[in-house]
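> Make a model of this:
(2 chains)
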Amino acid sequence: MSTTRFILSTQSVGRRELQNALPRVIEDQIEEGISVPVTRHGVLDAFLIPPGVKGLIDEAEHLRKSLPILLAAARAGVALPSDTLAEYGVESVFDWEKLIRFVNAAPIEMECGEDGESLIHHSRPLTHQHMDEDDTGLEYA
Amino acid sequence: MGTRDGYYVPRRDSARYPVGQGDVFIFDGMPAGWTAAQLVHPTCEVARPGVASLQVVGVHSLGDLKDDVQRALVTAGLREQGGAWTIAMAHTFFLWPWRRGADAAFADFREITLIPKEGVSTATRVATLTHDCRVTFIRRWLYFRFRLLLPFDDVRALEADRIAGDAHFEGPRPAWAPAPTG
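Now for the predicted structure:
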């Protein structure tokens, strides 16, 4: 998980003002890791964010898919192996039966192999081709 | 798969099922430290006269592992990392206790050995995998051996095709692989 934090400036900057103040806003706020609300006619229009926050947003987006399952595990006291739960200090007592029942019932979609490699997707459906086998055994000298 | 019946054919019915890949055995002369052995040899090879030895892997009790972190990884077979679900402990396959009061166990695919064929029979079999559980086993085995992480449905469809084309298939068929008609 990223160590970058999302820090939001308490002061917004207007779009028109930003055109002239951009170098100062970048120097004073963005380079300090502070995100800045940008307004138009007093209404929030956008956020100016430091580069590091983009990674944080991507991470949160990715986490969104698995979060309901993680929360369900935490609520049910299931010791589901999870870096995110560990990060937040959520610990449950290991009970193999609770865990295997949970894993089999939860809509978990595997995405990666053990080393992070992607699931194999096919453009064509797989078919099994039956072949007659030669039963001859090998003979060694 | 979240119950013993999901994993294993009930004992009263198991005699109808020939010995198959993934079944669990306890026999004399098992390697030291093994609780049981899981057959990983292809089912169709078991009955061949020219085959004298079969490949099995070691089965251990979950309690044999060092800590609950490892037990959880082996039981779940997966972990969440940065929001993604990834395979964990790919060299293992969780096994529900095959009799009441027994410990949950797991097969360790790294501990593979050849045993005389006589060690594997309905008499030494302690757990008969259901067809669905065998698909899960094949998927796990494929990933361990070849690093091919196929969707469950693809593996089951392949197994259904294979069974449909197997003229020597014996025992009850899974509902998803009915006998070919005509």
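> contacting residues for residue B:108?
For residue B:108, the contact set (C-beta atoms under 8 Å, 6 or more residues apart in numbering or on different chains) comprises B:57, B:58, B:59, B:60, B:91, B:92. Placement of C-beta: from N, CA and C, glycine included.
> Residue B:138: which of the residues you listed is nearest?
residue B:57 (13.9 Å; C-beta to C-beta).
> who touches the helix or strand where the closest one lies?
Assigned by DSSP states H and E, residue B:57 falls within strand B:53-61. Strand B:53-61 has contacts (C-beta under 8 Å, 6+ apart) with B:24-25, B:31, B:33-41, B:45-46, B:95, B:103-117, B:119-120.
> Can you give me the neighbour number for residue A:56?
17 (other C-beta atoms under 10 Å in any protein chain shown).
> Quick check: closest non-adjacent residue to residue A:64.
Excluding its sequence neighbours, the residue lying closest to residue A:64 (C-beta to C-beta, 6 or more residues apart in numbering or on different chains) is residue B:83, at 7.5 Å.
> Quickly find the element holding residue B:37.
strand B:36-39.
> Could you give the average pLDDT over the helix or strand following that strand?
The helix or strand immediately downstream of strand B:36-39 is helix B:43-46, counting by DSSP H and E. Per-residue pLDDT over helix B:43-46 has a mean of 88.
> do the same with stretch A:17-36
In this model, stretch A:17-36 has an average pLDDT of 90.
> Grab the CA positions of that stretch and hand them over as PDB.
The C-alpha coordinates for stretch A:17-36 follow below in PDB (Å, rounded to 0.1, in the frame of the first residue of the first chain):
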ATOM      1  CA  GLU A  17      -7.200  33.200 -10.700                       C
ATOM      2  CA  LEU A  18      -5.300  29.900 -11.400                       C
ATOM      3  CA  GLN A  19      -4.300  31.000 -14.800                       C
ATOM      4  CA  ASN A  20      -2.000  33.600 -13.300                       C
ATOM      5  CA  ALA A  21      -1.300  31.900 -10.000                       C
ATOM      6  CA  LEU A  22      -0.400  28.400 -11.300                       C
ATOM      7  CA  PRO A  23       3.400  28.700 -10.700                       C
ATOM      8  CA  ARG A  24       2.800  29.800  -7.100                       C
ATOM      9  CA  VAL A  25       0.100  27.200  -6.400                       C
ATOM     10  CA  ILE A  26       2.500  24.500  -7.800                       C
ATOM     11  CA  GLU A  27       5.400  25.700  -5.700                       C
ATOM     12  CA  ASP A  28       3.500  26.300  -2.500                       C
ATOM     13  CA  GLN A  29       1.000  23.500  -2.500                       C
ATOM     14  CA  ILE A  30       1.500  20.800  -5.100                       C
ATOM     15  CA  GLU A  31       5.200  20.400  -4.500                       C
ATOM     16  CA  GLU A  32       4.400  20.200  -0.800                       C
ATOM     17  CA  GLY A  33       2.000  17.300  -1.500                       C
ATOM     18  CA  ILE A  34      -1.100  19.300  -1.000                       C
ATOM     19  CA  SER A  35      -4.100  18.900  -3.300                       C
ATOM     20  CA  VAL A  36      -6.000  22.100  -4.200                       C
END
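> how about it: buried residues?
Residues A:18, A:25, A:29, A:30, A:34, A:35, A:36 are the ones in stretch A:17-36 that count as buried (16 or more other C-beta atoms under 10 Å in any protein chain shown).
> What is the nearest of the residues you listed to chain B?
Using C-beta to the nearest C-beta, residue A:35 comes nearest to chain B of these, at 21.5 Å.
> Now do the SS call for the closest residue to residue A:77 other than its chain neighbours.
Closest residue in space to residue A:77, ignoring its immediate chain neighbours: residue A:92 at 4.6 Å, by C-beta to C-beta, 6+ apart. Put simply, residue A:92 is coil when judged by DSSP: H, G, I helix; E, B strand; the rest coil.
> which one of the contacts of residue B:108 has the most neighbours?
Of the contacts of residue B:108, with other C-beta under 10 Å as the count, residue B:59 tops at 24 neighbours.
> State which helix of chain A is the longest.
helix A:51-76 (DSSP state H).
> gap between residue B:41 and chain A?
Residue B:41 is 15 Å from chain A, where distance means C-beta to the nearest C-beta, to the nearest Å.
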